[in-house]
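J.: give the three-dimensional model of this entry:
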Amino acid sequence: MKPDAAVGPVPQAPRRAALRGLGAAGLAGLKGLSTLAALGTLGSVGGCGFRLRGATSLGFSRLHLTGAAPQSSMAQELRRQLGGRVQLVEAAQQAQVVLRLESAQREKVVTGLTATGLVRELVLRLRVRFSLGTPQGGNLIDPTDLILQRDMATNESAALAKAREEEEIFRVLERDVAVQIVRRLEAVSLPKAPA
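T.: As a prediction, the model looks like this:
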């Protein structure tokens, strides 16, 4: 009796030949099938009452942003997240609400060193403090601190690439903070004017 052959990794050559045999038209067909499957899944999810989160309307239409330099990346990200949902006005007296960006600080904390004392791991942290009020001095959202952070490995031999990665991580953190601020703004309702 002949012993069974050892089972090992599947040879790659036949698989590659099969994929080449599909050609561009076959691959396009497979992509079309996956798109149909995804649409079918979305349709069945929609039938159970699930809805994707869309842009919720705000309880005000005019907002004044203060406390941040107009060209700062945090201010620009807030403007981008607010989009066309609210009119950004230059003067606080023209606004219904005043969003105060009291501080936005980027921090780098060393969390790991190599045996030779070089930095191996960092925590990148973004601290943002904001509040929301009325032009007349009323308070709608108390001063609130938002703190987000991400870990990052460093490599001295790729310093330029790591500097770009660090900047990209901070931009992602700023976007996430801006999204959280806008979600808090969605919950605000203006006090009724006295009759």
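J.: what lines up beside the top strand by length along the chain in the sheet?
T.: The longest strand of the chain (DSSP state E) is strand 97-113. Note on strand 97-113: by DSSP bridges, its sheet partners are strand 62-66 (parallel), strand 119-133 (antiparallel).
J.: can you put those strands in a markdown table and add mean neighbour count?
T.: C-betas here are computed from N, CA, C, even on glycine. Shown next, in a markdown table, are the strands paired with strand 97-113 (neighbours: other C-beta atoms under 10 Å):
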| stretch | mean neighbour count |
| --- | --- |
| strand 62-66 | 18 |
| strand 119-133 | 18 |
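J.: which one of the ones you listed lies nearest to T144?
T.: Among the strands paired with strand 97-113, strand 119-133 comes nearest to T144, with 6.0 Å by C-beta to C-beta.
J.: pull the CA atoms of that closest one into CSV?
T.: Taking Å, rounded to 0.1, in the frame of the first residue of the first chain, the C-alpha atoms of strand 119-133 are listed here in CSV:
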residue,chain,number,x,y,z
VAL,A,119,12.5,56.7,20.7
ARG,A,120,10.7,53.6,19.5
GLU,A,121,7.0,54.4,20.3
LEU,A,122,5.0,57.5,20.8
VAL,A,123,1.5,58.4,21.7
LEU,A,124,0.1,61.3,19.6
ARG,A,125,-2.6,63.1,21.6
LEU,A,126,-4.9,65.9,20.6
ARG,A,127,-6.6,68.0,23.4
VAL,A,128,-9.4,70.3,22.3
ARG,A,129,-11.5,72.5,24.7
PHE,A,130,-14.7,74.1,23.3
SER,A,131,-17.9,75.7,24.4
LEU,A,132,-21.1,76.9,22.8
GLY,A,133,-23.1,80.0,23.8
